[in-house]
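Visitor: coords below, sequence missing:
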DNA sequence: CTGTTAGCGCGTTCAT
DNA sequence: ATGAACGCGCTAACAG
């Protein structure tokens, strides 16, 4: 004897129990069209009684809405996916998706291959797209069929709304703190040149340092700790009198810290170090890292919610970053 | 004038171009039933020409297969979702899902609420379930309708295959190293008692330490750095002569390191510290953390692949952990 | 305000 | 080996 799995209630069942037609039940469930109060009540009651929940696949098929949210991370190589930052974005998106009965999938978006965007536009399974770390080139290649259901975590465009931390403001705050505590020869470890997200911090750095009549000392990093170490060595060699370093990510800052420690440079005595992101381990380094917060989860949640709900959103939303004062600067 | 989005090719289109019926085209595409060589060729050609790709929603609706993979993290409180470990699992799953045109959603599985599992079993949208950090109670509550498409990252059961790191072996390796380098009063910072994943390491600890005729010194942590600091303080106070600490996670180990530093205890001179996980920042602490690797992505990828492909898998797969020797022990 | 009808794109018997 | 026909569960026109 096979105990058959109890077939899940369908809209048809709900309608029958409620004594209305499927359409009426559908309207009530979707909260869409009009329905009499009595009909509404009966449908709601029936649905609750039967433990009804709509089938996302059937709904997607009927509406053509798509069934998954694609997180597309732009980059030169596929390994851009292997970054804790991406992990956090995906996790937040997956949490938002759970409530909507959809899922998220993650893929690499090659910097010079907008073809993939066209494919995504034609894929009926795609409900929307969350672009991460994008460039103007990629934004310009977003097909019209994807507009209105694509948002960017990073820079935006006229057709793709942006959700991002106010990293320019964060840079100013940090640099202000460094200057305020008497530092005068401040170097900055940036991200790769092609990354638009490094532009505003770099611009802020240039403006602030120039306004103070101090020397510009820029070294590119790659957002990894290893890159931060290398950059720090470059700084040490090129400008030995540097008394502060602002790294555009905590990972790079921690790398810089390691390099300084290895060279017997005292932090913050000889050199102050500040990062950006406030990752969990920033509080645990020796010395604990001064940095600025980066509400990644909040940003990703808002971005995912916006595309799933197809709600109107302003062209650009900047999330504030807070100075986290610790020991290193 | 509205430039309509170029409607994506459907199976019907492929069939028409190939000059066969939809059924035949369907068989060829699915690689399922029989079809003449000529028919096969024509269908394949037509599909390629039209850039055809099946609609996941329609397919899910027809087969009842479901459209998303649910990552369910067991725990007492919803905040168990906010852990870098979970982030890594979800990210890996989302990457696997992308190739199958499905998505992943993330949710909390309350420790004593198997009701949610029943709901998941009835949800037609659910393709499969990936349980993380589970308990015997939860595994026993997995409905039969979910069996065969549910796997566990952690302990398993007769009906739910397990994918996990060999954390017992890892503990033995680390403890062997500590003993081998002359440590004799070794304390261990464990996870919460209810977490099955802490049992094997603790058992290993008990066995190894007892076999060496040394004292057992166990303190519970919570897998966070803060918890590790607190646990370290307890150890310092309760057993001041401790000369080595094995923490069951790098986060706790880094917390312990911070506590020792604050108390002026030299690592590894006075006390050796070892962790487990080999998180990116383990290499950057001062001193750099000795630990054991934890191939989370590999495990999650295998687990997700198993449930999506419905392939048979052994009841338990243990992934080896490697000793990562650095400075702290 | 409500019910009828017609698909959405695909898998899957059944005849042939 | 192949095609006609039906159903998966739901939404959206339309007619009442």
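Guide: Looks like it came in fine. Worth saying up front: this structure is predicted, and the values here are computed from it rather than measured.

Visitor: Quick check on the closest residue to DNA strand D within chain A: phi, psi?
Guide: With CB to the nearest atom of the strand, the shortest gap between chain A and DNA strand D falls at residue A:11, namely 2.9 Å. From N, CA and C alone the C-beta is placed, and that goes for glycine too. Per-residue torsions, residue A:11: phi -60, psi -40 (degrees, to the nearest 10).

Visitor: dump the residue contacts of it.
Guide: A:22, A:25, A:26, A:29, A:52, A:54 (CB atoms under 8 Å, 6 or more residues apart in numbering or on different chains).

Visitor: Check residue A:261 too.
Guide: So residue A:261 contacts A:267, A:286, B:286 (CB under 8 Å, 6+ apart).

Visitor: one more time with 7 Å, if that's ok
Guide: residue B:286 (CB atoms under 7 Å, 6 or more residues apart in numbering or on different chains).

Visitor: Would you mind measuring from it to residue A:86?
Guide: From residue A:261 across to residue A:86, the span is 28 Å (CB to CB, to the nearest Å).

Visitor: Next: residue A:282.
Guide: 18 Å.

Visitor: list the buried ones in stretch A:240-258?
Guide: Neighbour-count burial for stretch A:240-258, counted by 16 or more other CB atoms under 10 Å in any protein chain shown, picks out A:242-258.

Visitor: What's the mean pLDDT across it?
Guide: The average pLDDT within stretch A:240-258 is 97.

Visitor: Now do the helices in chain A.
Guide: For chain A, the helices defined by DSSP state H cover A:11-18, A:22-30, A:37-50, A:56-63, A:84-100, A:115-122, A:136-140, A:167-180, A:199-211, A:225-238, A:250-262, A:296-309.

Visitor: which non-adjacent residue is nearest the residue of chain A found nearest chain B?
Guide: Nearest residue of chain A to chain B, counting by CB to the nearest CB: residue A:103, 2.1 Å away. Spatial nearest neighbour of residue A:103, excluding adjacent residues (CB to CB, 6 or more residues apart in numbering or on different chains): residue B:103 at 2.1 Å.

Visitor: Which residue is the nearest non-sequential neighbour of residue A:278?
Guide: Nearest one to residue A:278, counting by CB to CB, 6+ apart, is residue A:293 at 4.5 Å.

Visitor: ok now do the nearest residue to residue A:223 once chain neighbours are set aside, which residues does it touch?
Guide: Distances taken as CB to CB, 6+ apart put residue A:249 closest to residue A:223, at 5.0 Å, once the chain neighbours are dropped. Residue A:249 sits next to A:223, A:275, A:276, A:277 when contact means CB under 7 Å, 6+ apart.

Visitor: go on, residue A:167?
Guide: Counting by CB under 7 Å, 6+ apart, residue A:167 has contacts A:197, A:200, A:201, A:321.

Visitor: for residue A:86, same thing?
Guide: A:73, A:132, B:91.

Visitor: if you set the cut-off to 8 Å instead, what comes out?
Guide: A:71, A:73, A:80, A:106, A:132, B:91.

Visitor: Would you tell me which residues of chain A are close to DNA strand C?
Guide: A:20-24, A:27, A:33-36, A:38-39, A:58, A:61-62, A:64, A:124 (CB under 7 Å from any atom of the strand).

Visitor: can you narrow those residues to ones near chain B?
Guide: A:58, A:61, A:124 (CB under 8 Å from any CB of the partner chain).

Visitor: residues near the second one, how many?
Guide: Think residue A:61. 20 (other CB atoms under 10 Å in any protein chain shown).

Visitor: can you check the first one too?
Guide: Here the count is done by other CB under 10 Å, and residue A:58 has 17 residues near it.

Visitor: Would you check that it makes contact with residue B:61?
Guide: Yes. Counting by CB atoms under 8 Å, residue A:58 does reach residue B:61; the two are 5.2 Å apart.

Visitor: one step back: isn't the residue of chain A closest to chain B right next to residue A:70, touching?
Guide: No. Using CB under 8 Å, residue A:103 is not in contact with residue A:70, being 10.0 Å away.

Visitor: So between the two, which is more surrounded?
Guide: Using other CB under 10 Å as the criterion, residue A:103 and residue A:70 rank with residue A:103 on top: 32 against 27.

Visitor: how about that one, what does it touch?
Guide: A:67-69, A:94, A:97, B:67-69, B:97, B:102-105.

Visitor: Residues touching stretch A:174-184, excluding its own?
Guide: Against stretch A:174-184 from outside (CB under 8 Å, 6+ apart): A:186, A:204-205, A:208-209, A:212, A:214, A:243-244, A:246, A:272, A:274, A:276, A:290-292, A:323, A:325, A:329.

Visitor: what about residue A:94, how many neighbours?
Guide: 34.

Visitor: Oh, that last question was meant for residue A:238, not what I typed.
Guide: 11.

Visitor: Tell me where the model's unsure across the stretch 201-329 of chain A.
Guide: Within the stretch 201-329 of chain A, no stretch has pLDDT under 70.

Visitor: returning to that earlier point: just the buried ones among the contacts of stretch A:174-184, please.
Guide: A:186, A:204-205, A:208-209, A:243-244, A:246, A:272, A:274, A:276, A:290-292, A:329.

Visitor: of those, closest to residue A:45?
Guide: Checking the buried ones among the contacts of stretch A:174-184 against residue A:45 with CB to CB, the nearest one is residue A:292 at 51.8 Å.

Visitor: Contacts only, for the nearest residue to residue A:149 once chain neighbours are set aside.
Guide: Using CB to CB, 6+ apart and skipping the chain neighbours, the partner closest in space to residue A:149 is residue A:128 (3.9 Å). Residues counted as contacts of residue A:128 (CB under 8 Å, 6+ apart) are A:66, A:69, A:70, A:149, A:150, A:151, A:307, A:308.

Visitor: what about 6 Å?
Guide: A:69, A:149, A:307 (CB atoms under 6 Å, 6 or more residues apart in numbering or on different chains).

Visitor: Beta-bridge partners for it, please?
Guide: residue A:69 (DSSP bridges).

Visitor: Look up how far residue B:71 lies from it.
Guide: 20 Å.

Visitor: And for residue A:225?
Guide: From residue A:225 to residue B:71 the distance is 28 Å (CB to CB).
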